[in-house]
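# Sequence and computational prediction follow.
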Amino acid sequence: MASEKTYWKGIGELENPELAEQLKSNEFAEEIPVEDFLTQQESNSSNTTRRDFLKFLGFSTAAATLAACEAPVVESIPYVVAPDKLVPGIASYYASVYDDGYDFASLLVKTREGRPIKVDPNRDAAYRGDVNARVQASVLNLYDATRLQSPLKNGEATDWATLDSEVKSALDKAQASGKRIVVLTGSVNSPATKRAFASFSEKYTNASHVSADAFSYSNALDASEKVFGKRQFPFFDLTKADKIVSVGADFLGQWIGQGVSSAYAERRKPGKDMSRHIQIEANMSLTGSNADTRYRVKPSEYTAILAGIYNRIAKAAGESTINAGKTSIDNQLDNIAKDLINSRGKSLVLCGTNDVNNWMLTYAINQLLGNFGSTVSTTVFSNLRQGNDAAFAQLLSDMKSGKVGVLLMAQTNPVYNNARGSEFADALAKVDCSVACSDKNDESASLVTYVCATPHALESWTDAEPFTGHYAFGQPTIRPLFDTRQWQHCLLSWAGVETDYHSFIKSYWEGKGLDVDKLLHDGFYTKLKEISEENTPDALSHVASVKVAKPSENLELALYEKTGMGVGNLANNPWLQEFPDPITRVSWDNYLTISAAQANELGLKNKTRSNGALDGNYVTITAGDVRIENVPVLIQPGQAYNTVGLAVGYGRTGIGRAAEDVGVNAFPLLLNGAHSVSNIEIEKQDGWHGFACTQLHHTMMGRRIVQEITLDTFINEPATTENHKGWNERTMFETVGQKLTADKANLWADFDKETGHFWNMSIDLNMCTGCGACVIACHAENNVPVVGKEEVRKSRDMHWLRIDRYYSSDMTKERAKEEGVGAIKMYLDMEVPSESPEVVFQPIMCQHCNHAPCETVCPVAATVHSSEGLNHMAYNRCIGTRYCANNCPYKVRRFNWFRYSDNAEKFGVNYAMNDDLGKMVLNPDVAVRSRGVMEKCSFCIQRIQLGKLEAKKDGRKVKDGEVQTACMQACDTGAIQFGDVNDSNSKVAALKEDKRMYHLLEDIGTQPSVFYQTKVRNKNA
Amino acid sequence: MNKQRFFYRLLIGLFFASSVVFAQDEGDLPGDPDNGKKIFNAQCGACHKLDKKMVGPALGGVADKYSMDWIIAWTQDNAALRASGDKDAIAIFEEYNGAIMPAFPNLSEQDIKDIVAYTIAGDKKKAPAGDLADGGGAAAASDGGSSGGNIWVTLGLSVFLIVLIAILAKVKNTLKVIKGEPTSTLLDDASVFTRVAVRNQKVIAVVTLVVAVFLLQQLYWGLMSIGLEEGYEPEQPIAFSHALHAGENQIDCQYCHYGAEKGKHSNIPSVNVCMNCHTYVQEGPKYGEKEIDKIYAAVGFDRETSSYIEDYEQKPVKWVRIHNLPDLAYFSHAQHVNAGNIECQTCHGPVEEMEVLYQYSPLTMGWCINCHRESEVDVENNGYYEEVHAKMKEKHNTDKVTVDMIGGLECGKCHY
């Protein structure tokens, strides 16, 4: 029998059976207004049946679909009154300056329809600084919508009138009460700014100016003061140096702000004049990777090494020596000293620390070598680093004790980038009135009462004196986008000088009898003739007081600035964040670099996931009171044993999406301004950190990818010989009757390379320092998308131009032969980079093969060859099979896995393509690619077409150098040369005949239009 | 005979009619008003109107105020006239705040008399807007007439053919009657034909095939025309007439579209370019002041005082873009107009006849490519091509170099 039990559906049914019954019969709790609907007159009278309704629906859908085929109405809105000389579609160029107190560069700014879209070096300027990757990318920061758009008071928007009157009264109060008024800035090298401060301090006599650099060279400047009588670095002239010995100076990277790349490269042309560069350092730096010889030492050893060099030279010169102690590279120091003595007056010793002793020894060595007056200028001095840590410390203690009435900060962010940032943040509360002039509501600005929104460099009037006698002038290239004011303008208006900064600069320079319009047009002015030597510098008399400390036995930390990020001023820049570091090839991160041996000992690992993404362990760093957690570890070949490296400039907060949650802030470790910490502890933590690394293979595995020889070989041995044993021998293939090179032994018909242009590119691996300015220039020129960390981890980075970095391995084919190592073991060992490797860089972009493997496999002929030697890519023809990328031996083709533009939800971090303001940076001459198509280097075809058009308009031939690719234009060392090889007078035609010339992977017969020049190292024989 | 007489009468009639018209106008006029009008438009129109004060005074009725000799003297050299102490001349000079009218020594006495004649006779076509509109209407009507004519011709032909069929049927029947065979009506014949056709599967198949192909082709063309905007003729915010400016007034295209020879864009002129002429030309022949006022509203120009309004918030003119190339195609005007020496009309059609501008060319890739295949490059007169030309001659064994021969069909030349 079936049971007749009753099951309740819920406790409610038991408690209130009537309601439950009611609910059961009435499915909908709320009555549906069916009656209302049906009783409506219109609907009753309507004869519309369900079928009719569906018919209408179908018809209207079809009609709407058809109507949608109509193109939308596009409006075309011309100017009401067009600016003079502005023709839509034609770029205008302006000379300007980028100077944020850290990076200095004279610029040529390209604007289109009033929008700056690209910055390049102003090559006319006698001193132009380095237009490095950061400066190249700075144009994007102009269009950063997270910049301050108006002045703030207590974090709320206010107007300038309110701010001015309140700050003025605070200043008056401080002046009356005798409290300090301090203007805290980074290094200021602008003469007009100094004049503006003078006006300010005339009114407020309590005012003083304090400079503090983020990556401090304050102690080094103190050493300079003792030697030269001024707190300035001398100008180091690398063009005159036959021998360069650098102790911890990353001069191709940041160093003391003096951009030396082009000067360095000038002496790196292989031949008798080629300089020899020896680098002694702890971290693998950009400079170290370019050195002819590199020694790994601990930072605490630098003093002893410099003292060692000094003693050896002093001994030879008959001067007294100092107490030095032993170093780990004593034997090598003998050679180094000998080398230096042989090049007296034509050598240069550089130092990269912030230590009085090190710099004193450096100056003394240079003096002994007779370098003063030749490679070390005694007349031209740098204004680029002026920070004074003692003054800053005094300010901090005054702030704490409430002695500071008004603090004005400009071009500085001490809460973030000073080791005592948190102290400073607390002390800010004790200042009566704190004002920050900043373009961002950054770590410091967010803690002050008043924030003066400042414009971007490209919206500002600037003058600068980077070096004695070298002046630079910058003009705005766009009207300020927001309600901003230059901080000098603020200073002037508070001082009661009723003028804007433009007029002020103008009258300042007109007062010196100069034509300001010409200065602004040229962007620079040089007045070296009148500089006379004031005093005789002397370092030797100070050497006796140098104390050489015993090198530390503990684990040491060497802090450094990354090529892409510097001190993090431009951190909210997706181009820079996705820029792979030249050495580690990691983007979107900073990390602790450690030697492989030490990582092994500590059980720290890097591992590669199945999808090719790199992971690393986390550690906690402890240095005294400072403790930083969750620092990922990256194994770095060339890192000195018992040292670790960490980059500053990361871990910023509140300045925008691209900078948020990227890396850790290492500035708290910059204790007392020292660039290294001699005693730290690291402790392994749980978990794995995901790196966005764009190159996982470290070595060339014995293949001929970067061809490298020594200077000795270059000078003394033939490039090609009859029996094919030269150092630049081409692979020969046996064919019927004769041996042929790969480009001759082919099955395909050749293209006509003689008629018209034949564009080729030469890349000199000896001149390329790997700085990556070209990578960012390519981004800006070609609207290259940014894909974000997660996508880079999947190897979906979109860089059209990458710079491959290879380490040498201890295992070579020769060694394997000698030692009888088997092939399998040999190749396995070859994968492992040497603990102290030599490093080579190789810029790789589409090689524009004349027998392109990609062209033959495209099923829709979307990539085809041109009559000018280019490999064309028609995006709208591409259907995305990716056959071409798979068939490309150089791996230069990039696939759009997503729509990277107008896709803010997923790729909003790249504001260059995803918000209206950011998109103003896009180059209107290059299409923004959509999802599902392949893209790659086009040899900047838009520039080729423009160059040809200009020539046709004038009825003449294209001049050599008229057509420059973006990478060539950005390259400060001249490593990249582009031109028409059919123009026999062109540089590139000559380079193609150079004996160092080789094609990458020539033996596979692709006949590339890009060729490389063999790297030559000037090693000690 | 009759015809000839009619012709003579017509001629005589016409002669009298015209002489009457002439007689009416000639009257006491000092010269030829038609010639005067031409000279007036060319030389005086920038500053003078007949009925309205502009830069200079209205010239209608000038002959009533001043003697002919005085007018001639003033026109040829008004400064000399003033210098001679002529009171009237000085009075005018002062009335216009010392604005100097240029001297016209190039105008002969007869020319000036002609102009005065024109100022007396005035514009015969007053209210030109209405006239033009009527003219336009008439033109449209006559257009309609001509196409209507075609219909009549077709209809006539059809009627003729039908009659022919009827006649032939009749003849056939008559022949049959003669032969003694049974006659058949036209309808009977037709039904026999249709019966045979419907039963014949081959005929059906062929007809079906033809119809299907026709429909498919229509569908294909329909689909292919999606996105094509040939003939796109949107209404513009200002009823600007290219027919008037480029056609009648013969203003060079690149006076306004000055970017075309320099760069990528052939720019739509900014209002300040319009104002170069319209500071003075304040009234148009068709819309009078209405459309020109829109320019003034954009830039802030006061018609009454002929001066710009200070601190005026300028309003850009939002033209509707007609030629919309997709972003994926890079087109440079300078390349075609300047380097290629192509007439604007090659792509834009008879702009000088367009009252309202429309898209003349389809702007499809096929259209581009076709032109690149056919257009010859002027290699002889451009130093850029010197070497190329020599090599091309060798290679193709021809003097004629077309755009495709120098790579004009390659993807990357337009798509990047």
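Structure's in. What do you need? None of these values were measured; they are calculated from a predicted model.
# what's the closest non-adjacent residue to residue 413?
Defaulting to chain A. Spatially, and ignoring its direct neighbours in sequence, residue A:413 is nearest to residue A:444 (4.7 Å; C-beta to C-beta, 6 or more residues apart in numbering or on different chains). Using the backbone N, CA and C atoms, a C-beta is placed for each residue, glycine as well.
# Hmm, no, I was thinking of chain B.
Nearest non-adjacent residue to residue B:413 (C-beta to C-beta, 6+ apart): residue B:407, at 6.2 Å.
# give me every residue that touches that neighbour.
A:756, A:866, A:867, A:868, B:413 (C-beta atoms under 8 Å, 6 or more residues apart in numbering or on different chains).
# My guess is the fourth one contacts residue A:760. True?
No - using C-beta atoms under 8 Å, residue A:868 is not in contact with residue A:760; the gap is 10.2 Å.
# What ranges does the stretch 1-150 of chain A have for its helices?
Per DSSP state H, counting those that start in this stretch, the stretch 1-150 of chain A carries helices over the ranges A:11-15, A:17-25, A:34-39, A:41-45, A:50-68, A:133-142.
# how close does residue A:1007 sit to residue A:428?
Separation of residue A:1007 from residue A:428 (C-beta to C-beta, to the nearest Å) stands at 64 Å.
# Kindly report the same for residue A:115.
37 Å.
# Residue A:954 too?
Here residue A:954 is placed at a distance of 61 Å from residue A:428 (C-beta to C-beta).
# same deal with residue A:855?
63 Å.
# Which one's more surrounded, residue A:954 and residue A:428?
residue A:428 (20 against 14; other C-beta atoms under 10 Å in any protein chain shown).
# Just confirm that one contacts residue A:447, I think it does.
Yes - counting by C-beta under 8 Å, residue A:447 is a contact partner of residue A:428 at 5.2 Å.
# Give me the average confidence score over stretch A:53-70.
For stretch A:53-70, mean pLDDT is 77.
# The residue in the stretch 301-450 of chain A that chain B sits nearest to and residue B:363: what is the separation?
Here the stretch 301-450 of chain A gets closest to chain B at one residue, residue A:439, 29.5 Å apart by C-beta to the nearest C-beta. Using C-beta to C-beta, residue A:439 is found at 44 Å from residue B:363.
# Among the two, which residue is more densely surrounded?
residue A:439 (27 against 20).
# For the more buried one, give me its contacts.
Contacts of residue A:439 (C-beta under 8 Å, 6+ apart): A:147, A:148, A:453, A:454, A:455, A:456, A:484.
# give me that answer again for 6 Å
A:147, A:148, A:454 (C-beta atoms under 6 Å, 6 or more residues apart in numbering or on different chains).
# Most neighbours out of those residues, which is it?
residue A:454 (28 neighbours).
# Contact partners for it?
A:437, A:439, A:484, A:487.
# Run a quick neighbour tally on residue 63.
Went with chain A since none was named. Around residue A:63 there are 10 residues (other C-beta under 10 Å).
# wrong chain, I was asking about chain B
For residue B:63, the count of nearby residues is 18 (other C-beta under 10 Å).
# From the contact counts, what lies against the helix or strand harbouring it?
Assigned by DSSP states H and E, residue B:63 falls within helix B:62-65. Judged by 3 or more C-beta pairs under 6 Å, 6 or more residues apart in numbering or on different chains; DSSP states H and E, helix B:62-65 is in contact with helix B:109-121.
# what's in contact with the helix it packs on?
B:29-33, B:35-37, B:39-40, B:59-60, B:62-63, B:72, B:75.
# between these, which has the most around it?
In the contacts of helix B:109-121, the most neighbours by other C-beta under 10 Å go to residue B:36, 25 neighbours.
# if I pick the most centrally placed residue in chain A, what's in contact with it?
Central residue of chain A (C-alpha atoms, centre = their mean): residue A:564, 2.5 Å from the mean position. For residue A:564, the contacting residues are A:133, A:576, A:579, by C-beta under 6 Å, 6+ apart.
# The second one - that's part of a helix, no?
What that stands for is residue A:576. Yes - Residue A:576 sits within a helix when classified using DSSP: H, G, I helix; E, B strand; the rest coil.
# In contact with it, which residues?
Here residue A:576 is in contact with A:137, A:564, A:570 (C-beta under 6 Å, 6+ apart).
# run the last query once more with 8 Å
So residue A:576 contacts A:133, A:134, A:137, A:564, A:565, A:570, A:776 (C-beta under 8 Å, 6+ apart).
# Close to chain A: what parts of the stretch 151-300 of chain B are there?
B:226-227, B:229, B:234, B:258-259, B:262-265, B:267-273, B:298-299 (C-beta under 8 Å from any C-beta of the partner chain).
# got the residue ranges for the strands in chain B?
For chain B, applying DSSP state E gives strands covering B:301-302, B:307-308, B:319-320.
# Just tell me which of those ends up closest to chain A.
So among those, strand B:319-320 is nearest, using C-beta to the nearest C-beta, at 4.9 Å.
# Tell me the strands beside that closest one, with direction?
strand A:75-76 (antiparallel) (DSSP bridges).
# Now do the helices in the stretch 301-416 of chain B.
B:333, B:344-348, B:365-374, B:386-396.
# Tell me which residues are up against the shortest one.
What that stands for is helix B:333. Contacts of helix B:333 (C-beta under 8 Å, 6+ apart): A:89, B:259, B:260, B:261, B:263, B:264, B:265, B:266.
# Low-confidence bits of the chain, can you list those?
I went with chain A, as the question did not name one. Residue ranges of chain A with pLDDT under 70: A:1-4, A:6-14, A:19-20, A:23-47, A:66-71, A:529-534, A:1021.
# try chain B instead
In chain B, residues with pLDDT under 70: B:1-28, B:54, B:123-149.
# Please list all residues in contact with the spatially most central residue of it.
Chain B has residue B:353 as the residue nearest its centroid, 0.8 Å off, counting by C-alpha atoms, centre = their mean. The contact partners of residue B:353, taken as C-beta under 8 Å, 6+ apart, are B:242, B:243, B:247.
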